[in-house]
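K.L.:
Build me a model from this:
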Amino acid sequence: MQAGDMVEELQQRIMEVQSRIELAAQRSGRSSQDITLLAVSKTVDNTTVDQAYDLGIRDFGENRVQEFASKIHSVPQARWHFIGRLQSNKVKDVVGHAFLIHSVDRWSLAQELDKRGQYLEVSVPVLLQVNISGEESKTGLHAGEVESFLQSVGELKSLRVMGFMTIAALNSEPEESRPIFRELAALKNKVHSKNFTNVELNYLSMGMSQDYEIAIEEGANIVRIGSALFI
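P.N.:
Coordinates of the predicted model:
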């Protein structure tokens, strides 16, 4: 396939996803402008990321620190999110560079992120990863641990919890993910009024290529789309 054809195909995929986002947003009584399309670029090269940016995508996500560092230097004008499990010894490569870190799943990581943020004198915006599905193969806080975690965040100086993230089970039917998304949205609504220090809860990052429309209907305002954009 020639380069021009590849760009045209990418543009068509982007338009298709954006159209589906718009319809799902309408069904949830919101505007598509309220939804961030986060392009998961882990399977593609820097050139493709650059093309996607030129076609209007502004937010990209990586789940490996090495790829994150490479692409953030290649396409620095984009908003880069870190969406993978973050090891404490890699914190220095992400803090100060990520628009949002989606995968805070343990207190020790929160402490390391805060420590690095204080060193750099920057705020560190993060999402708490919540394991709503209860799958042992997935990391994240259990729903019952979230409030005590948020209470403790007030002890930190640089960390800012901006919302929640979850990963639903990979189901054959997208509709099977709906209870997971609904439960996380309910949890966000429950704790939002408690005014924890350093906690804002502006974002719900949930839904991927197979179930993002369901996630939007249930309140997601960040959807992480990989294979529907980059085949």
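K.L.:
For the chain, which residues score under the pLDDT cut-off?
P.N.:
Low-confidence segments of the chain (pLDDT under 70): 1-4.
K.L.:
if you set the cut-off to 90 instead, what comes out?
P.N.:
1-6, 43, 132-139, 168-174, 192-193, 195, 231 (pLDDT under 90).
K.L.:
residue ranges of the strands in this structure, please?
P.N.:
Using DSSP state E, the strands of the chain run over 36-40, 59-62, 79-82, 100-104, 124-129, 159-165, 199-205, 222-225.
K.L.:
Quick check: which of these is nearest to residue 19?
P.N.:
strand 36-40 (11.3 Å; Cβ to Cβ). (Glycine included, C-beta is placed from N, CA and C.)
K.L.:
hmm, who's touching that closest one?
P.N.:
Residues from elsewhere that reach strand 36-40 (Cβ atoms under 8 Å, 6 or more residues apart in numbering): 17-18, 21, 49, 52, 57, 59-63, 81, 83, 205, 208, 221-226, 229-230.
K.L.:
6 Å instead?
P.N.:
With contacts defined as Cβ atoms under 6 Å, 6 or more residues apart in numbering, strand 36-40 is touched by 52, 57, 59, 60, 61, 81, 222, 224, 226, 229.
K.L.:
Check the gap between the fifth one and residue 189 for me.
P.N.:
This means residue 61. To residue 189, residue 61 is 25 Å away according to Cβ to Cβ, to the nearest Å.
K.L.:
same check, this time on the third one
P.N.:
Applying Cβ to Cβ, the value for residue 59 to residue 189 is 24 Å.
K.L.:
So between these two, which is more surrounded?
P.N.:
Applying other Cβ atoms under 10 Å to residue 59 and residue 189 shows that residue 59 carries more neighbours, namely 17 against 11.
K.L.:
Which positions are bridged to that one in the beta structure?
P.N.:
Beta-bridge pairing of residue 59, defined through DSSP bridges, involves residue 38, residue 79.
K.L.:
check contacts around residue 110.
P.N.:
By Cβ under 6 Å, 6+ apart, the residues touching residue 110 are 104, 159.
K.L.:
Swap in 8 Å and give it another go.
P.N.:
104, 126, 149, 153, 156, 159.
K.L.:
just residue 125 next, same as before
P.N.:
Applying Cβ under 8 Å, 6+ apart to residue 125 gives the contacts 98, 99, 100, 101, 160, 162.
K.L.:
Not counting sequence-adjacent ones, nearest residue to the first one?
P.N.:
Across the structure, with Cβ to Cβ, 6 or more residues apart in numbering as the measure, the residue nearest residue 98 apart from its sequence neighbours is residue 82 (4.6 Å).
K.L.:
nearest spatial neighbour of residue 43, skipping sequence neighbours?
P.N.:
Excluding its sequence neighbours, the residue lying closest to residue 43 (Cβ to Cβ, 6+ apart) is residue 230, at 5.4 Å.
K.L.:
Could you double-check that the one you found lies in contact with residue 44?
P.N.:
Yes - using Cβ atoms under 8 Å, residue 230 makes contact with residue 44 at a distance of 4.7 Å.
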